[in-house]
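>>> Okay, predicted coordinates and the sequence, questions at the end:
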There are 2 protein chains.
Amino acid sequence: MKLYDSTRAPGPRRVRIFAAEKGIALDLVPIDLGKLEHWTPEFTKVNPWQGIPALELDDGTVISETVAICRYLEALQPEPHMFGRTAKEQGVVEMWNRRIELGLFTHITNAFRHAHPAMAEREKPQVAEWAEVSRSRANEQLAVLDKHLADHEFAAGSSYSIADITLMVAIDFMRLPKIAMTEDMIHLRRWHAMVAARPSAEA
Amino acid sequence: MKLYDSTRAPGPRRVRIFAAEKGIALDLVPIDLGKLEHWTPEFTKVNPWQGIPALELDDGTVISETVAICRYLEALQPEPHMFGRTAKEQGVVEMWNRRIELGLFTHITNAFRHAHPAMAEREKPQVAEWAEVSRSRANEQLAVLDKHLADHEFAAGSSYSIADITLMVAIDFMRLPKIAMTEDMIHLRRWHAMVAARPSAEA
């Protein structure tokens, strides 16, 4: 299996961490986003949506979209479970993964894409007002998640899951749009230190 | 199981169709979004995110987020499979469901929420420029999906899945922001007529 990858984008990092937690080795193929390699005719043949990560299976099938790749890996090798085990766990993990994606990650991404000079070429048009609204919503959501983590060890349910990966990568990506956890977010900070200490965080 | 529901919002409709395809009966609890019933203290106790749909299990657990509820129902009653069966099918269904959500549905929703007078109270601030960018991206994506459906019977894989529900509900919701399939999108129109004829479409 080949993973079209970049060390600069958050999506591929989510997949690398997910695979590391499961002990699955992926053949990494670097795509240089700065040189717009994801827009070349060669890569467009791999993924017509021109996005990374994309996983190419040995039969030539390409699965794109971060969470779709993780779902494939989960079905291929269920242990350790990263999407929950029982029906209720599966629902709760999906719920938190989506709350974190839609409530926080999307806003962080938009605060970056619609305001950062490095994205001027790739995000047309940049909507400055949307970047500001997104920044404000991301900050609100950080406070909500800090409160949630006051009485939860992990982002979803009682063990480490894909929701923890999504949240950690989102928080680490905030550096680019200059969004930060405030000093008083002690629960979110406790949780972040814990997940960042796992060996997979370096993947 | 109680589903907090509204006939006006697309999320609950996705869940009702999903449950109908599986023959699962849900106890529907109507929430009047026009009267902001989802913002009341009573409903905020049910779902602190103040969103519908939300599924309340018999043990009191609440699962919110449309796809999380569908995941729970899929695990509870796997047949007929709506998220794919094999690892590859599961990856492909998740990929298309996300492409349709992120590439089309989100843009339709934003074209509506950030421009429609009926949303002025609920979407603050409305960013008019973002509504226009979203409208343009939705139109682009419709053309891409029309091309995809030229040689695919269903939205993902070889049978009806959650991706078909997401796409049908997205297209039907375009009425509000006045986005439409063009006459020449014959494949998308063929596909839409097919899925809209299923009894579940009335759920």
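Done, it's in.

>>> hmm, the longest helix seen in chain A touching chain B?
Of all segments of type helix in chain A, defined using DSSP state H, the longest is helix A:128-149. Yes. Where contact is defined by Cβ under 8 Å from any Cβ of the partner chain, part of helix A:128-149 touches chain B, namely A:129-130, A:133, A:144. Yep, even glycine has a C-beta here, placed from its N, CA and C like the rest.

>>> Which residues does that helix contact?
In this structure, residues lying in contact with helix A:128-149 by Cβ atoms under 8 Å, 6 or more residues apart in numbering or on different chains are A:100, A:103-104, A:106-108, A:110-115, A:155, A:167, A:174, A:177, A:179, A:181-182, A:185-188, A:190-191, B:48, B:125, B:127, B:129-130.

>>> Which of the residues you listed are buried, as a ChimeraX select command?
A single ChimeraX command selects the buried members of the contacts of helix A:128-149 (16 or more other Cβ atoms under 10 Å in any protein chain shown):
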select /A:100,103,104,106,107,108,110,111,112,113,114,115,155,167,174,177,179,181,185,187,188,191 /B:127,130
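
>>> Quick check: the closest residue to A:Q90 other than its chain neighbours vs B:H187, distance?
Counting by Cβ to Cβ, 6 or more residues apart in numbering or on different chains, A:Q90 lies nearest to A:G84, which is 4.0 Å off, once chain neighbours are set aside. Distance from A:G84 to B:H187, counting by Cβ to Cβ, to the nearest Å: 36 Å.

>>> and what of A:V92?
Plainly put, A:V92 is 38 Å away from B:H187 if you go by Cβ to Cβ.

>>> Burial check on the residue nearest to A:Q90, number of neighbours?
Neighbouring residues of A:G84 were enumerated by other Cβ atoms under 10 Å in any protein chain shown; the total is 27.

>>> Now do the contacts for it.
Residues counted as contacts of A:G84 (Cβ under 8 Å, 6+ apart) are A:90-94, A:156-157, A:161.

>>> Quick check: next helix or strand after the helix or strand of chain A with the lowest mean pLDDT?
Sorting the helices and strands of chain A by mean pLDDT, DSSP states H and E puts helix A:41-46 at the bottom, at a mean of 93. Using DSSP states H and E, the helix or strand that follows helix A:41-46 in sequence is strand A:54-56.

>>> what about that next one, average pLDDT?
Here the mean pLDDT over strand A:54-56 is 98, rounded to a whole number.

>>> Stretch A:124-140 now?
If you average the per-residue pLDDT over stretch A:124-140, you get 95.

>>> If anything else comes up later, I'll come back, but that's it for now.
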